[in-house]
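In: dropping the sequence and predicted coords here.
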Amino acid sequence: MATNSTIKARIFSKKVLYKYELIWHLVRRDFSLQYKRSVLGVLWSLLLPLGQLLVLIFIFEKVIPLNIEAYPVFLFSALLPWSWFSNCLTSAGGLFINNRDLVRRPNFEPSMLVIINTLSNLLLLIVALPLLFLAIPFFERGLSINLIFLPLLILIQGLLSYGLGLIIATINVFYRDIQHIVSVALLMLFFLTPVFYGIRSIGKDYRFLYDLNPMAGLIESYRLIIYYDGAPDWSSILVTGVISLITCLLGYIIYKSQIHHVVDII
């Protein structure tokens, strides 16, 4: 005869399995809906970052040369994680507003929408990564064992994106200006993050701006393991990891304190 603890464990495992299946189903639906009724379909997930990549390569190799060896790999290794981060935050503002039917369902946890948004945009990164790996040998760079640290960087960035996304999605319900502020902030942050240039070329007088930017450390670590064939900057990873956890905690606190008002407003 099953004990109370065994019954509770089974109920808990069923709930976890249900949430996992629901999240995975909604992630696939969200990803496929982005390209529904388009001729090229999922190929747009590759063409959009490639188009941005080609423009930046033209500017910083031909128009304003930065003289960086294997610049396409140098740039692409940073552009992919930045695009994931930017897409997550840009789309976070409308998550609760555009999915009001789901938010109002009694048995649905609205915070799952932020998880789904983060994972759906992560699929774009995963789809594009093989192109980057194929380009590395072409530009006479090497793939190393340090790529095993890639999931760790993705996990830390995922936590950061989730925490910020939760804050943006919640506050934007009350103040619709937030989504526009986020778009402007991301544009400025793009130039303050070493995506198309190297962090090593930044003057000492301005390094503090990059120390305050968690994405700067993440981008540099991506580049270290992919482009430079080295290990991540562990001190930077530790700081960024702590910031990501604090951001998640802060986002959850804001979300839990306001979710009842969110449901009433939408």
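Out: Perfect, thanks for sending it.

In: can you pull out the helices in the stretch 151-266 of the chain?
Out: 178-191, 207-211, 214-226, 234-265 (DSSP state H, counting those that start in this stretch).

In: in the host helix or strand of L75, which residues are buried?
Out: Following DSSP states H and E, one finds L75 within helix 71-92. In terms of neighbour count (16 or more other Cβ atoms under 10 Å), helix 71-92 has its buried residues at 71-92. Placement of C-beta: from N, CA and C, glycine included.

In: what's the answer for stretch 117-131, then?
Out: By neighbour count on 16+ other Cβ under 10 Å, the buried set for stretch 117-131 is 117-125, 127-128.

In: returning to what we had before: from the helices of the stretch 151-266 of the chain, which stretch is densest packed?
Out: Mean neighbours per residue, mean count of other Cβ atoms under 10 Å, is largest over those for helix 214-226, with a mean of 24.

In: for that one, packing partners?
Out: helix 71-92, helix 150-174, helix 234-265 (3 or more Cβ pairs under 8 Å, 6 or more residues apart in numbering; DSSP states H and E).

In: could you give the angle of it to helix 234-265?
Out: 130 degrees (axes from the mean of the first three to the mean of the last three Cα atoms, to 10 degrees).

In: orientation of helix 214-226 relative to helix 71-92 in degrees?
Out: Going by the same axes, to 10 degrees, helix 214-226 makes 140 degrees with helix 71-92.

In: pretty sure V27 contacts L119?
Out: Yes: at 4.7 Å, V27 and L119 qualify as touching, with contact defined as Cβ atoms under 8 Å.

In: where's the residue nearest to Y71 when sequence neighbours are not counted relative to I68, distance?
Out: Nearest residue to Y71 in three dimensions, chain neighbours excluded: E61, at 5.5 Å (Cβ to Cβ, 6 or more residues apart in numbering). Note on E61: its distance to I68, by Cβ to Cβ, to the nearest Å, is 8 Å.

In: also A169?
Out: Distance from A169 to I68, by Cβ to Cβ: 37 Å.

In: ok, the two, which is more surrounded?
Out: Taking neighbours as other Cβ atoms under 10 Å, A169 and I68 compare with A169 leading, 30 against 17.

In: the nearest residue to that one once chain neighbours are set aside: how many residues sit nearby?
Out: Distances taken as Cβ to Cβ, 6+ apart place L95 nearest to A169, at 4.4 Å, with adjacent residues excluded. Here the count is done by other Cβ under 10 Å, and L95 has 24 residues near it.

In: circling back: would you turn the helices and strands packed on helix 214-226 into TSV with distance to E109?
Out: Shown next, in TSV, are the helices and strands packed on helix 214-226 (distance: least, Cβ to Cβ, whole Å):
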stretch	distance to E109
helix 71-92	16
helix 150-174	12
helix 234-265	9
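
In: and of the ones you listed, who's closest to V195?
Out: helix 71-92 (4.5 Å; Cβ to Cβ).

In: tell me the mean pLDDT over that closest one?
Out: What helix 71-92 shows for mean pLDDT is 94.

In: cool, and stretch 204-218?
Out: Throughout stretch 204-218, pLDDT has a mean value of 84.

In: off-centre distance for that stretch?
Out: 18 Å (Cα atoms, centre = their mean, to the nearest Å).

In: quick revisit: ok, the residue nearest to A169 - contacts?
Out: 113-114, 117, 165, 169 (Cβ atoms under 8 Å, 6 or more residues apart in numbering).

In: what's the closest of these to W234?
Out: Minimum distance to W234 across those is 26.3 Å, recorded for G165 (Cβ to Cβ).

In: let me see the contact set for the residue nearest to that closest one when sequence neighbours are not counted.
Out: In space, and not counting its chain neighbours, G165 is closest to A92: 3.9 Å by Cβ to Cβ, 6+ apart. Counting by Cβ under 8 Å, 6+ apart, A92 makes contact with 114, 117, 164-166, 168-169, 172, 179, 182.

In: got the contact list for stretch 158-169?
Out: Residues outside stretch 158-169 that contact it (Cβ under 8 Å, 6+ apart): 84-85, 88-89, 92-93, 95-96, 111, 113-115, 117-119, 121-122, 178-179, 182, 214-215, 218, 240-241, 243-252, 254-255.
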